[in-house]
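Q: could you work out the structure for the sequence below:
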Amino acid sequence: MFTLFVDADSLPIRLRRIILQRAMKENMRTIFVADRNLKDVCCMIEEHTASLRLPLRNTLDKTELRKIRSSISMLIVESGTDSADNTIVQMIEEGDIVISHDVGLSERAIEKGAVAIDDRGNIYTRENIRERVSEREYMKSFREMGINDLNQKSLKEKDYQKFSNSFDALISKKI
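A: Numbers count the residues shown, from 1 in each chain. Model (predicted):
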């Protein structure tokens, strides 16, 4: 079975909610990695744990009931450039899924046999990541020349929908 890794530092709350809802529904092993505690993620972990325990509360003793935990976790890493990325790369295995806006992390994850999806619903594989890396380098050269009006636009409703659809399709294929 795969693990879902979420580079959660800059991921909008609305996207985290989409991921959390699907992770709870499928009881998927999901690890949110960030340099700070994310309240929404922690609340959903508690809610998921409670929902797993509730149907068993009259059949198990308290010690056994406490052993039942959510398959979702929050991993807090040291602040600093690439600390979340490096942690994710160290942990991933072939067949895992990484959700990240960071093309460099996606490339490193794919090198280890994972699949990556960005915050706009683009799914990256060995076949298409090189094109995205080239595009990133191209945009970097523009920024270095002082042309900054090419910055990525904020997410729109269609972006959330595309992410949700791509994420659902990817998870459905893996399960």
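
Q: so how far is N122 from K156?
A: 15 Å (Cβ to Cβ, to the nearest Å). C-beta coordinates here come from the backbone N, C-alpha and C atoms, glycine included.

Q: same drill for those two, tell me which one is more crowded.
A: N122 (15 against 10; other Cβ atoms under 10 Å).

Q: okay but the more buried one is in contact with S166, surely?
A: Yes - between N122 and S166 there is a contact at 7.3 Å, judged by Cβ atoms under 8 Å.

Q: tell me, what's touching those two both at once?
A: The contact sets of N122 and S166 do not overlap (Cβ atoms under 8 Å, 6 or more residues apart in numbering).

Q: for stretch 76-84, list the C-alpha coordinates in CSV.
A: Only the C-alpha atoms of stretch 76-84 are listed here, as CSV (Å, rounded to 0.1, in the frame of the first residue of the first chain):
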residue,chain,number,x,y,z
ILE,A,76,6.7,18.9,12.1
VAL,A,77,10.2,19.6,10.8
GLU,A,78,12.8,22.2,11.5
SER,A,79,12.3,25.5,9.9
GLY,A,80,14.6,26.2,7.0
THR,A,81,14.9,25.9,3.3
ASP,A,82,14.0,22.5,2.0
SER,A,83,13.7,20.9,5.5
ALA,A,84,10.2,19.6,4.7
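
Q: now stretch 44-58: mean pLDDT?
A: The pLDDT scores in stretch 44-58 average 96.

Q: which element follows the helix or strand of the chain with the lowest mean pLDDT toward the C-terminus?
A: Lowest by mean pLDDT, DSSP states H and E among the helices and strands of the chain is helix 129-144, with a mean of 63. Counting by DSSP states H and E, the next helix or strand C-terminal to helix 129-144 is helix 157-174.

Q: report the buried residues of that next one.
A: Neighbour-count burial for helix 157-174 flags 159-160, 162-164, 166-167, 170-171 (criterion: 16 or more other Cβ atoms under 10 Å).
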